[in-house]
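> would you be able to build a 3D model of this:
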Amino acid sequence: MYIPRAFALDDLAQLQQLIQHTRLAQLVTLGEQGLQASHLPLLLNADEGPNGTLYGHLAKANPQWKDLQDGSEALVIFAGAEAYISPALYPAKAEHGKVVPTWNYIAVHAYGKAEVFSDAERLLGVVTALTDRHEGNRAQPWKVSDAPADYIEGMLKAIVGFALPIERLLGKRKLSQNRSPADIAGVREGLAASTDTRDQALARLIPPGASA
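This is a model prediction of the structure:
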């Protein structure tokens, strides 16, 4: 990922927080069948290893798990808030007109080699933890134990789990830091006034008084 210094995000705690807040990640590998990608919910154990360890599972019918088993380095992409930035949001447009559109966004890339496993007890632990995480805000959360035990046993046989210790972490937070304070304020205010909730979400991440 291309990361100009102004946009670099290096703080481990912040990187891990962004990973935790991303509900669906993209797992990318390169193997005998070429590039493959899967969209997956993942768990982060922030205390396991220097950068944390990711846990997830793939369908056994999905050949991508074989890339992991073969030792292929994996790239996991966590895409955060993003928004189109119109030149109209910059006060500089009225001053000299030397402005162009861009895109602001936050992203984290995690790299590592995974351990693949099919042990039923370990798989159940991953599936249960993922379910509890995403059911947690519901008034009546569904639990894995709500389903018949023999049904869950059969479902576990159809998946492959993996643990991916993060060897490298790259973070990018592009929030107009390379613009003047006035332009940054214009971007923040313009996005906050948008009717698109995605724009509003990014506006909340631009600190008041941010400057280049």
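
> buried set for the helix or strand of the chain with the lowest mean pLDDT?
With mean pLDDT, DSSP states H and E as the measure, the helix or strand of the chain carrying the lowest mean pLDDT is helix 92-95 (a mean of 75). When neighbours are counted by 16 or more other CB atoms under 10 Å, the buried residues of helix 92-95 are found to be residue 92. C-betas here are computed from N, CA, C, even on glycine.

> for it, output the C-alpha coordinates as CSV.
Listed in CSV are the C-alpha atoms of helix 92-95, where the atom choice follows Å, rounded to 0.1, in the frame of the first residue of the first chain:
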residue,chain,number,x,y,z
ALA,A,92,-8.7,27.3,-2.0
LYS,A,93,-11.1,26.7,-4.9
ALA,A,94,-12.3,30.3,-4.7
GLU,A,95,-8.8,31.6,-4.0
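
> residue ranges with poor pLDDT in this structure?
209-212 (pLDDT under 70).

> now the helices for it?
Counting by DSSP state H, the segments of the chain that form helices are 12-21, 64-69, 92-95, 120-135, 149-156, 181-192, 197-203.

> reformat the ones you listed as a markdown table; add distance to residue 50.
Written out in a markdown table, the entries for these read as follows (distance: least, CB to CB, whole Å):
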| stretch | distance to residue 50 |
| --- | --- |
| helix 12-21 | 9 |
| helix 64-69 | 20 |
| helix 92-95 | 42 |
| helix 120-135 | 22 |
| helix 149-156 | 31 |
| helix 181-192 | 34 |
| helix 197-203 | 30 |
